[in-house]
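*Asks:* Compute the structure for the input listed below.
(chains A and B)
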Protein chains: 2
Amino acid sequence: MIARDTGAAHTLRDMRERLVVIGGDAAGMSAASQARRRKGPDELEVVAFERGRRTSYSACGIPYWIAGDATGPDKLIARTPEKHRARDIDVRLGTEVVEIDRDRGRVRTRDVLGAEEWTGYDQLVIATGAVPKRPPIPGIDSDGVYGVQILDDGEDIIEALDRRPLRDAVVVGGGYIGVEMAEALLRHGLRVTLVERSEQPMATLDPDMGRLVREAMECLGITVVTGAPVREVLTGADGRVRAVATDVGEYPADVVVLGLGVSPNTGLARDAGLPIGAHGGLLTDRAMRVRGEEAIWAGGDCVEVLNLVSGGMQHIPLGTHANKQGRVIGTNIGGGYATFPGVVGTAVSKVCDLEIARTGLKESQARAAGLQYVTAVIESTSRAGYYPGAAPMTVKAIAERRTGRLLGLQIVGREGAGKRVDIGAVALTAGMTVEQMTALDLGYAPPFSPVWDPVLVAARKVDDKVRADGNGA
Amino acid sequence: MIARDTGAAHTLRDMRERLVVIGGDAAGMSAASQARRRKGPDELEVVAFERGRRTSYSACGIPYWIAGDATGPDKLIARTPEKHRARDIDVRLGTEVVEIDRDRGRVRTRDVLGAEEWTGYDQLVIATGAVPKRPPIPGIDSDGVYGVQILDDGEDIIEALDRRPLRDAVVVGGGYIGVEMAEALLRHGLRVTLVERSEQPMATLDPDMGRLVREAMECLGITVVTGAPVREVLTGADGRVRAVATDVGEYPADVVVLGLGVSPNTGLARDAGLPIGAHGGLLTDRAMRVRGEEAIWAGGDCVEVLNLVSGGMQHIPLGTHANKQGRVIGTNIGGGYATFPGVVGTAVSKVCDLEIARTGLKESQARAAGLQYVTAVIESTSRAGYYPGAAPMTVKAIAERRTGRLLGLQIVGREGAGKRVDIGAVALTAGMTVEQMTALDLGYAPPFSPVWDPVLVAARKVDDKVRADGNGA
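*Replies:* So this is what the prediction gives:
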């Protein structure tokens, strides 16, 4: 098929600048919105191509929607295509970009009927997101196996749960999505087994902290099987899933949910010869301009980000980064100036009332970055011990040997535990030492904290080790 | 009476160093404990004089105890005299230090029976705390008027509430203690009027944020009267309080609680010729050594602290500072090295489910420090909008004109609002600009935060103003 060519962005008829956005979710639509805020329709034309049928939704909300905590999918949509259109953003749903022609500054699109068209751009934003990892496991595409990536996945799972009484669920992968989905399925009355190939669930934590998550999940009645790579998804005569076979055993399953993580969706960018990093993501500068390009920008789950603590690149698909990066892109396209300097690797989640948070480097990451470190683990409470609702909390702090620079913080606890990780996130961004942290003037009152905030207790304890280590060396 | 003289610290019999601590609460006993941890009884003798009958208690917990949220007073005591004694700290209760003799390195004490004694010291820690402000208002010492300073005050108030049915309470002063006490009395079924001389309660906030607190208190059924300095506490024929008369009206009162703040208790230090600042507190260096002294240290509510944002000295009586300062003193006396660099003015409180927090400078403080600034106020929620329990939150950010340095943050909201102030506290300590803050990698997941944390939304908005202002100047 020969694509119809609408020509370059500038025609005699229309001398406006044209911004083309590929991908209608967080990064792409934040960029579009911010550019529009700064430049009106008489200056800038904004066209956004989205291959699906929705824009600007919260994929992070899917497990909570399935759990029944959020009514969805409408509530998970921050801004509908109609609302974007009302702001003069030309959203084209069901339209996939299949080629980027950098030489002529245009993209080739294909709609649901297969019709192709070329659209010229002056500025291009690549926000193609990520695709779920699907290892070549026999049976992984069987009926009854679901991902948790787009809103349709959520609808499919809810429909499956509603359609007939199900008894057993297996969640494959013990990361954030896996843990959240285990809770969601538990709350639907299913018997839930979580299988994880590594030593503990929540591999973004060190194993000693991951063990606390495992214990809490087991207390909730979730069977947690670790060191268990999946060999095969077994199906019955009806072709539907019936069990999951792993290296350590076989687990019955009426439904299987995959939480195996995602990879940057960068085939299109790769084909166009744009720079891709070791983790498969697009490489950009701090302004979120694709490296070496003048007019091509990228953000969201399709890019790699700089870890400000390790100095290395990482792929961290997270809505909050996508939103920030999109806003930076839109600000820059709109004639302002903004940067996304990088991340410190903060993440927070919960399973029932257990809150799980981390920021910076865990031990294995510190080692990989060639850093020497000391660690401390402390137990404290979320409020003054005598105040009702004071809940236990375990905090692990990691500091660089000799310098005492904070390298990482991990928290597992109950209400009030998770967001304390922000203290570490800001301290890491500022490059603080744990000694400096011990003097931090954090909010104190009995309903909010013990007189020494648990994070400070951890900083104190690891600072003692830095000092002892310095004396001994 | 002539004091018995036990001589200097060093006698032929005992060549150990002697640490004398004046005041057995947070700062003093933290110093004693930390020094003891680092030096055993064979090296260091530790004597702590406390004029009351308790040690190491949480005065901050008194309003919550009265409210019924904390069983007290035992629970409010972090460490009893017996426990200190078990660690070889010689706690002498009911013993007041009445003179410091710097020339001979000794203190004169007086016990409850009036017996006096000299005790020599090698190191002296002054942790004499604060005394409640009692302006010369007629009737302020009447029966039925209570302070909220020591645990005995709490017992007195609870006894008064239990003894007979009371109907009306007046709380004088709308600061943290006043607001917390208003709630406590409300929960005892009293009709509560809070009278405050300034424009709004919570004068540590700007008036626009204080208004939110006022409105919330009024919703709870508390009568809030502002611009109302107290003229007189009126009593009945029985000598008991019956009403409080202010400039704007008279309010019936069966019980009056004073929350008028405290002043550093530094008469003893002043008499000894030690340096006292403009706010009445002892002046120390960063190691918490009294300025110009070799062997005299001070910490807690009796000292002034450096505000790291304004560069000025302040008196901020708060248990968390007292604990940190005491630990710094004990570390230094014990042969280590530690500093208390200063504060950023963080405070957090709550009235029922309304959380109130502030850090840094409010507008009037920024003006007083000679700083030019811009402000922004935003409304957001504690969690993703679609997640159950997402509660409204108002955040105000203040940034320096031209530089964009964060100067202050104020938060009023419901659950999950208050401790977010820690983000601002760490950013202020690090001297971050609001532009830097907009890129902070804070913990995000729907149960914990909208995709843009409310603090970041405030930083973003005030950053826009910094930029607009820079362009316009």
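*Asks:* make it CA atoms for all contacts and neighbour counts henceforth
*Replies:* OK.
*Asks:* ranges for the helices of chain A?
*Replies:* Residue ranges of the helices in chain A, as given by DSSP state H, are A:26-38, A:62-67, A:81-86, A:151-163, A:176-187, A:207-220, A:267-271, A:319-333, A:363-368, A:421-430, A:434-438, A:454-472.
*Asks:* Any part of the longest one near chain B?
*Replies:* No - contact of helix A:454-472 with chain B (C-alpha under 8 Å from any C-alpha of the partner chain) is absent, the minimum separation being 9.8 Å.
*Asks:* Could you do stretch A:47-62 as well?
*Replies:* Yes - Stretch A:47-62 lies within reach of chain B by C-alpha under 8 Å from any C-alpha, at A:60-61.
*Asks:* I'd like the average pLDDT over that stretch.
*Replies:* Average pLDDT, stretch A:47-62: 90.
*Asks:* So for that stretch, first residue to last residue, what's the gap.
*Replies:* 27 Å (C-alpha to C-alpha, to the nearest Å).
*Asks:* ditto for stretch A:194-213
*Replies:* From the first residue to the last, stretch A:194-213 extends over 12 Å; the measure is C-alpha to C-alpha.
*Asks:* Just the buried residues of that stretch, please?
*Replies:* A:194-198, A:200-207, A:209-213 (16 or more other C-alpha atoms under 10 Å in any protein chain shown).
*Asks:* Figure out which of the helices of chain A is closest to residue B:227.
*Replies:* For the helices of chain A, proximity to residue B:227 was assessed by C-alpha to C-alpha; helix A:421-430 is nearest, at 37.6 Å.
*Asks:* so what does that closest one touch, helix or strand wise?
*Replies:* strand A:354-360, strand A:406-413, helix B:421-430 (3 or more C-alpha pairs under 8 Å, 6 or more residues apart in numbering or on different chains; DSSP states H and E).
*Asks:* Just want the angle from it to strand A:354-360.
*Replies:* Counting by axes from the mean of the first three to the mean of the last three C-alpha atoms, to 10 degrees, helix A:421-430 lies at 0 degrees to strand A:354-360.
*Asks:* Quick check: mean pLDDT of helix A:421-430?
*Replies:* For helix A:421-430, mean pLDDT is 98.
*Asks:* got the helices of chain A as CSV, with distance to residue A:354 columns?
*Replies:* CSV is the format used below for the helices of chain A (distance: least, C-alpha to C-alpha, whole Å):
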stretch, distance to residue A:354
helix A:26-38, 28
helix A:62-67, 15
helix A:81-86, 36
helix A:151-163, 23
helix A:176-187, 11
helix A:207-220, 7
helix A:267-271, 38
helix A:319-333, 22
helix A:363-368, 22
helix A:421-430, 14
helix A:434-438, 26
helix A:454-472, 16
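*Asks:* Following the record's annotation, map out the domains of chain A.
*Replies:* Dividing chain A into domains by automatic domain parsing, as the record does, gives the ranges A:4-131+A:263-333, A:145-260, A:347-472.
*Asks:* chain center to the longest one: distance?
*Replies:* So the one you mean is domain A:4-131+A:263-333. 16 Å (C-alpha atoms, centre = their mean, to the nearest Å).
*Asks:* can you check the second one too?
*Replies:* Domain A:145-260 sits 19 Å away from the centroid of its parent chain (C-alpha atoms, centre = their mean).
*Asks:* Enumerate the residues of the stretch 51-200 of chain A near chain B.
*Replies:* A:60-61, A:64, A:69-71, A:75-76.
*Asks:* of all the residues in the stretch 351-473 of chain A, which ones are close to chain B?
*Replies:* A:357, A:386-388, A:416, A:418-423, A:425-427, A:429-430, A:432, A:439-448, A:451-452.
*Asks:* 6 Å instead, please
*Replies:* Proximity of the stretch 351-473 of chain A to chain B, by C-alpha under 6 Å from any C-alpha of the partner chain, involves residues A:386-387, A:422-423, A:441-443, A:451.
*Asks:* Let's test this: name the helix or strand in chain A with the lowest mean pLDDT.
*Replies:* Sorting the helices and strands of chain A by mean pLDDT, DSSP states H and E puts strand A:4-5 at the bottom, at a mean of 62.
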